[in-house]
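>>> no sequence on this one, just coordinates:
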């Protein structure tokens with residue numbers, strides 16, 4: 001009886017600690033988000049730095065090259081996203097007016113065939129303008145994150161400087177901890193490296209396809225496709241919705257259909273052919289876990305938390321898989 005009471009007390013203490021930690025993370029989101037973005041960028045950059053070092057360049061020169069590349073890419077993204085968001089924000093009232101007109105035409109066409117759409121569906125459920133408002137709020141939030149780019153960049157530098165010493169520090173603690181860190185960091189770097197270049201290919205192809213079709217701000221939707229490709233299963237759908245909706249408003253039904261077909265082909269080839277070939281299925285997440293992580297991290301950290309939701313959950317899964325005692329939890333998070 002006392003053993004059962006002890007186990008129940010331990011479970012309650014763990015649950016209380018988790019709730020307190022989540023509440024603390026939510027309150028400190030403004031501080032945590034730039035730090036987590038720094039870790040995300042550093043994890044992506046570390047394999048490149050290691051490759052340069054293995055090719056014969058010194059550790060210092062490899063670090064300088066990677067830092068310059070990160071700085072250049074960050075500056076280009078800042079210019080690209082900043083100008084595109086400004087253009088999108090200026091054109092937003094016009095897009096909303098067109099959407100309202102097309103929605104009215106659709107309901108009038110249905111009424112001509114005797115189909116009456118209830119008012120609550122027409123006003124609340126079927127509201128494409130809500131997507132545009134959500135996008136505008138997301139871009140404003142992302143812009144505020146970019147304002148902390150200097151802090152993020154400095155943090156990335158310090159993480160890369162300390163990355164080599166992490167395994168040595170764990171080795172000094174114990175061999176088991178050192179093996180755990182090596183296995184964990186190796187799998188995480190491999191996953192993030194493959195996911196990064198497949199996401200980059202996705203973003204470039206989406207940008208080119210939308211540019212050929214004449215959709216406004218094609219580069220902005222390409223950047224969004226790049227980031228949301230880190231969210232498997234549902235990320236490509238979320239990325240396609242605003243682009244298809246914008247094509248419908250701007251160019252008409254035929255162009256919107258072509259945009260949807262382009263997204264379908266690109267994401268099918270990348271997600272079903274390239275990624276499984278190089279990555280395998282061992283680090284995947286179930287569709288339910290992906291959706292729940294999207295909701296959870298979005299609630300805790302805001303819109304940027306939604307972008308980081310799957311990398312964060314993958315990190316948790318890798319940590320669980322690396323320990324025999326918690327491997328069963330990693331299996332529950334994985335696909336069938």
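Perfect, I can see it now. If you're wondering where the values come from, they're calculated on a predicted model, not measured in any experiment.

>>> what packs against the longest helix seen in the chain?
Counting by DSSP state H, the longest helix found in the chain is helix 59-112. Applying 3 or more CB pairs under 8 Å, 6 or more residues apart in numbering; DSSP states H and E, one finds that helix 59-112 contacts helix 29-54, helix 129-146, helix 149-173, helix 218-228, helix 235-250. For the C-beta atoms, the positions are set from N, CA and C on the backbone; glycine is no exception.

>>> average pLDDT across it?
For helix 59-112, mean pLDDT is 74.

>>> Let me see the contact set for the closest residue to residue 42 other than its chain neighbours.
Spatial nearest neighbour of residue 42, excluding adjacent residues (CB to CB, 6 or more residues apart in numbering): residue 159 at 4.0 Å. By CB atoms under 8 Å, 6 or more residues apart in numbering, residue 159 lies in contact with 38-39, 42.

>>> thinking again about what came up before, tell me the most buried of the helices and strands packed on helix 59-112?
Mean neighbour counts were compared across the helices and strands packed on helix 59-112 using mean count of other CB atoms under 10 Å; the top stretch is helix 218-228, at a mean of 22.

>>> Distance from the chain centre to that one, please.
11 Å (CA atoms, centre = their mean, to the nearest Å).

>>> now swap in stretch 235-244 and tell me
That offset, for stretch 235-244, works out to 13 Å (CA atoms, centre = their mean).

>>> For residue 15, grab phi and psi.
phi -60, psi -40 (degrees, to the nearest 10).

>>> What is the neighbour count of residue 288?
Look at residue 288: counted by other CB atoms under 10 Å, it has 11 neighbours.

>>> just checking, what packs against the helix or strand where it lies?
Using DSSP states H and E, residue 288 sits in helix 287-301. If you count contacts as 3+ CB pairs under 8 Å, 6+ apart, helix 287-301 packs onto helix 2-27, helix 29-54, helix 303-307, helix 309-321.

>>> other SSEs contacting whichever helix or strand comes after the last one?
Secondary structure here is assigned by DSSP H and E; on that basis, the next helix or strand after helix 309-321 toward the C-terminus is helix 327-333. The elements that helix 327-333 packs onto, with contact taken as 3+ CB pairs under 8 Å, 6+ apart, are helix 309-321.

>>> For the helix it packs on, which outside residues touch it?
36, 40, 43, 184, 187-188, 191-192, 230-232, 235, 283, 285, 289-290, 293-294, 296-298, 326-327, 329-330, 333-334.

>>> What number of residues are in the vicinity of the nearest residue to residue 199 once chain neighbours are set aside?
Distances taken as CB to CB, 6+ apart put residue 229 closest to residue 199, at 3.8 Å, once the chain neighbours are dropped. Residue 229 is flanked by 26 other residues according to other CB under 10 Å.

>>> Do you know the pLDDT at residue 229?
For residue 229, pLDDT reads 82.

>>> List the contacts of it.
Here residue 229 is in contact with 195, 198-199, 202-203, 235-236, 239, 267, 270 (criterion: CB under 8 Å, 6+ apart).

>>> what's the distance between it and residue 46?
Note on residue 229: its distance to residue 46, by CB to CB, to the nearest Å, is 20 Å.

>>> ok, back up a step: distance of the residue nearest to residue 42 relative to residue 53?
Note on residue 159: its distance to residue 53, by CB to CB, is 16 Å.

>>> Quick check, residue 266 in contact with residue 208.
No - applying CB atoms under 8 Å, one finds residue 266 not in contact with residue 208, separated by 9.8 Å.

>>> ok, those two, which is more surrounded?
A count of neighbours by other CB under 10 Å puts residue 266 above the other of residue 266 and residue 208, at 22 against 15.

>>> Please, which helix or strand holds the more buried one?
helix 253-269.

>>> packing partners for that helix?
helix 175-213, helix 235-250.

>>> residues in contact with residue 198?
229, 270, 274-275, 278.

>>> ok, and the most crowded of those?
Counting neighbours by other CB under 10 Å, residue 229 leads the contacts of residue 198 with 26 neighbours.
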